[in-house]
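>>> here is a sequence with its predicted model. Questions after.
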Amino acid sequence: MKTCKYILGVAALSMLLASCDDQKMEWGTPEGHYPVTLSDIPLAVKEVISNYSDIKTYSEQYTPDMVVGIGASAEYYINANGKHNEYKELVDENYQMFTCGNAMKMDAIMTNSGGLGFTTVGALIDVMAEDLQI
């Protein structure tokens, strides 16, 4: 019985060590952009994405009939705190369809008194880009 425990431990350890890969990711430079250095790797999401075309462009080029969508938080998209909304800009630039996380589910719309509250959904529709589908 003790031998079986040792064999399982050795097998698990050998699989763990075999799964490690010490190769480094190779970074390339997109056409018309400055070369990427190691100090540039931890950039903010928008800066990294701005080096490439938006997802809609790639989708239209390779699969013109496909609709590209995202499931995300309606509250982040609406940005109730009034600051500059980079989240909304990224969604509008890159996707053709938006599915909000919980804002349109029954537990988010149904109030405690049994009524319906569409404030979040209404705010989402008010700020949504015209070419973005729900």
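On my side now, so go ahead.

>>> and the next element down the chain from the lowest-mean-pLDDT helix or strand in the chain?
Lowest on mean pLDDT, DSSP states H and E among the helices and strands of the chain sits helix 45-49, with a mean of 65. Counting by DSSP states H and E, the next helix or strand C-terminal to helix 45-49 is helix 55-62.

>>> what sits up against stretch 103-119?
Outside stretch 103-119, the residues that touch it by C-beta atoms under 8 Å, 6 or more residues apart in numbering are 73-75, 102, 120-121, 124. All C-beta spots, glycine's among them, are computed from the backbone N, C-alpha and C.

>>> and it, what's its mean pLDDT?
What stretch 103-119 shows for mean pLDDT is 86.

>>> alpha carbons only: can I get the longest helix seen in the chain in CSV?
The longest helix of the chain (DSSP state H) is helix 2-18. Only the C-alpha atoms of helix 2-18 are listed here, as CSV (Å, rounded to 0.1, in the frame of the first residue of the first chain):
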residue,chain,number,x,y,z
LYS,A,2,2.8,2.4,0.9
THR,A,3,4.5,1.6,-2.5
CYS,A,4,1.3,2.6,-4.3
LYS,A,5,1.3,6.0,-2.6
TYR,A,6,5.0,6.6,-3.5
ILE,A,7,4.3,5.6,-7.1
LEU,A,8,1.4,8.0,-7.4
GLY,A,9,3.4,10.8,-5.9
VAL,A,10,6.3,10.2,-8.2
ALA,A,11,4.0,10.0,-11.2
ALA,A,12,2.3,13.3,-10.3
LEU,A,13,5.6,15.0,-9.8
SER,A,14,7.0,13.7,-13.1
MET,A,15,3.9,14.9,-14.9
LEU,A,16,4.2,18.3,-13.3
LEU,A,17,7.8,18.7,-14.2
ALA,A,18,7.2,17.5,-17.8
